[in-house]
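> here's my sequence, what's the structure:
(chains A and B)
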Number of protein chains: 2
Amino acid sequence: MTYTVVVGNRPLRQYLLDIVVNFNRGIEVVEIVGKGKNISRAVTLYNMVLNRLGDSVVLDHVEIGSELDRRMKRVSYIKIRIRKV
Amino acid sequence: MTYTVVVGNRPLRQYLLDIVVNFNRGIEVVEIVGKGKNISRAVTLYNMVLNRLGDSVVLDHVEIGSELDRRMKRVSYIKIRIRKV
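Residues are numbered from 1 along each chain as shown, chains lettered A, B, ... in the order given. Here you go, the predicted model:
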């Protein structure tokens, strides 16, 4: 099962807590999604998860690209997939 | 040969031009590096390169992580490797 976190304006520690709780509940894969300026925050969140959970998780895949938003404007994104080991 | 571009405060189109020129000069691999808030800009630059050069380049590898800066503060980074095909 995959749990997806879209990074928005909430403090990163809230997303971190959310992710830790979900891994503890048996979720095996967490995908962190960041768009536009939140791409940087998504990478920082990934580093926070790694710091917190250490060797119990690994980076599975990183995808980068761009997509059209609702206003038909091109927006960059990152998708970071972390797997429980 | 690898050409490395560290994304700073210059307009992204300048880095784009730089990358296009280097590919045309025979460079085979370009690595785009973004740190902290420039991570988002690095991904946007990657999308600009893809848009400009289309099928003549492919995404080779994406690395994310964190490192200590000069003030011993942890900073997130992304390294995006693009290869000429």
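
> ok, A:Leu68 to A:Arg74 distance?
6 Å (C-beta to C-beta, to the nearest Å). Glycine gets a C-beta too; all of them are placed from N, C-alpha and C.

> can you list the residues of chain A near chain B?
A:34, A:36-40, A:43-44, A:46-47, A:59, A:62-66, A:74, A:76-78, A:80 (C-beta under 8 Å from any C-beta of the partner chain).

> A:Leu68 and A:Arg74: which is more packed in?
A:Arg74 (12 against 9; other C-beta atoms under 10 Å in any protein chain shown).

> from B:Ile32, how far off is that one?
17 Å.

> please enumerate the strands of chain A.
A:2-6, A:29-35, A:57-68, A:74-84 (DSSP state E).

> just these: most buried one?
strand A:29-35 (a mean of 21; mean count of other C-beta atoms under 10 Å in any protein chain shown).

> strands paired with that one, and their directions?
Sheet partners assigned to strand A:29-35 using DSSP bridges are listed as strand A:2-6 (parallel), strand A:74-84 (antiparallel).

> could you dump these into TSV and include distance to B:Asp55 and mean pLDDT?
Formatted as TSV, the strands paired with strand A:29-35 follow (distance: least, C-beta to C-beta, whole Å; pLDDT from 0 to 100):
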stretch	distance to B:Asp55	mean pLDDT
strand A:2-6	30	97
strand A:74-84	18	97
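
> format those as TSV; extra columns: distance to B:Asn51.
Converted to TSV, the strands paired with strand A:29-35 look like this (distance: least, C-beta to C-beta, whole Å):
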stretch	distance to B:Asn51
strand A:2-6	24
strand A:74-84	8
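
> go through chain A and flag its longest helix.
Criterion DSSP state H: the longest helix present in chain A is helix A:38-53.

> tell me which residues in that one are buried?
A:38-50, A:53 (16 or more other C-beta atoms under 10 Å in any protein chain shown).

> can you tell me which of those residues is closest to B:Ile19?
Looking at these and their distance to B:Ile19, the nearest is A:Ile39, at 19.0 Å (C-beta to C-beta).

> so that closest one touches B:Val43, yeah?
Yes. Using C-beta atoms under 8 Å, A:Ile39 is in contact with B:Val43, at 5.2 Å.

> list residues touching both of those two?
A:76-78 (C-beta atoms under 8 Å, 6 or more residues apart in numbering or on different chains).

> and of the residues you listed, the nearest to chain B?
Nearest to chain B out of the shared contacts of A:Ile39 and B:Val43 is A:Ser76 (C-beta to the nearest C-beta; 4.4 Å).

> these two touch, right, the closest one and A:Asn38?
No. Judged on C-beta under 8 Å, A:Ser76 makes no contact with A:Asn38 at a distance of 10.1 Å.
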